[in-house]
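1. Compute the structure for the input listed below.
(2 chains)
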Amino acid sequence: MGTTHDSSEIPGNHGHDHPRHELSYYAKRIYAIRDLLLEKGVLSEKDIQCQIDYQEARSPANGAKLVARAWLDPDFKARLIDDPKKACVEIGIDATSINEFVVLENTEKVRHVVVCTLCSCYPRPILGRPPDWYKSLNYRQRAVNDPRGVMREFGLTLPDDVEVRVHDSTADIRYLVLPLRPAGTEKFTEGELEKLVTRDSMIGVMDPLSAPPPI
Amino acid sequence: MGRALRQKAGKFKPGDAVRVRSDDRPGHIRTPFYIRGKTGWIERVYGEFLNPESLAFGGDGLPKRTLYLVAFNQIDVWGKSPGAKDKVLVDIYEHWLDPAA
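-> Predicted structure coming up:
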């Protein structure tokens, strides 16, 4: 193709700029589709911006809020496990796009890991977009076949007597791991606890960050 | 116990031994290859969902299918299990499951 996509060349200025660097075939295609949807009035600029804002608002910070609150409040934890979508509403997280949401609680003796071997099922409203490794063939194959090996690569070595439960999320259910609260965090505030809850600990391949040693 | 556990029962109940069908057909199949033909047990009944095999091709997803959480011992799936109690748990629709003795 070899031409740059410059908005000034587009007949009838339609109110937004396109990137001026060389675009890939797929990027050009998606801009063309967007322009058509706007021209035909299927979508408005505002609709698109709202959707971008919504996508950007979904991040592992949502999951960290759920986990930190569950660590601090046993009643909330019970509600989170009983009806996760309702618990999300309680703390202002929009999880309505999830068909069914299930929270898997780690204990000293049971560890959960989540994978989608078929594609990339992931609790996006709670954790945002999945990391590239989650979608890689390597992870999708090895998480079910060698979960302990995968966890070792993330820095987590589990004793043999711990039960590892790998959840292969194939369709309508989205899983979130509720990790164990790190030792030494008894005096932490909710905000401080949230900072320890990593995305990978909610997929289950790692522990949350540990509390820094007291000075 | 989560809300999902209290949903309408299907053909199987928690604890029932099931074998995953070894069918092979094209389409939006939500039953991974590695688990076909394997024997496990019903861990949870998730209730009825529109059939994704139909939805993916513009169908109405009807009749709804009961979805289960099916548990398998790692040793029964891969012939090895570094931790004796390690398991793989897969969400599988009822029409992919047969009762196992």
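
2. quick one, helices of chain A?
-> All helices of chain A, identified by DSSP state H, fall at A:25-39, A:45-57, A:60-72, A:74-82, A:84-90, A:124-127, A:132-135, A:137-145, A:147-153, A:190-194, A:199-203.

3. which stretch in those helices is the model least sure about?
-> Here the lowest mean pLDDT among these goes to helix A:45-57, at a mean of 89.

4. Helix, strand or coil: sort out B:Val45 for me.
-> Counting by DSSP: H, G, I helix; E, B strand; the rest coil, the backbone at B:Val45 sits in strand.

5. Show the pLDDT at it.
-> At B:Val45, pLDDT is 94.

6. Show me the beta-bridge partners of it.
-> B:Tyr68 (DSSP bridges).

7. which ones are touching the nearest residue to A:Cys116 once chain neighbours are set aside?
-> Take A:Cys116 and drop its neighbours on the chain: the residue closest to it by C-beta to C-beta, 6 or more residues apart in numbering or on different chains is A:Ser169, 4.8 Å away. Just so you know, the C-beta spots here come from the backbone N, C-alpha and C atoms, and that holds for glycine as well. Listed by C-beta atoms under 8 Å, 6 or more residues apart in numbering or on different chains, the contact set of A:Ser169 reads A:114-116, A:121-122, A:175, B:91.

8. elements contacting the helix or strand of chain B with the lowest mean pLDDT?
-> Within chain B, no helix or strand scores below helix B:52-55, which has a mean of 91 by mean pLDDT, DSSP states H and E. Using 3 or more C-beta pairs under 8 Å, 6 or more residues apart in numbering or on different chains; DSSP states H and E as the contact test, no helix or strand touches helix B:52-55.

9. Let me know the outermost residue of chain B.
-> B:Pro82 (23.8 Å; C-alpha atoms, centre = their mean).

10. And for residue 94, the neighbour number?
-> Using chain A here. By the measure other C-beta atoms under 10 Å in any protein chain shown, the count of residues near A:Asp94 is 15.

11. Wait, chain B was what I had in mind.
-> Neighbour number of B:Glu94 under other C-beta under 10 Å is 17.

12. isn't it right up against B:Asp16?
-> No: if you go by C-beta atoms under 8 Å, B:Glu94 and B:Asp16 don't touch, sitting 11.3 Å apart.

13. And for the least confident helix or strand of chain B, what's in contact with it?
-> Helix B:52-55 has contacts (C-beta under 8 Å, 6+ apart) with A:171-172, B:27-30, B:60-62.
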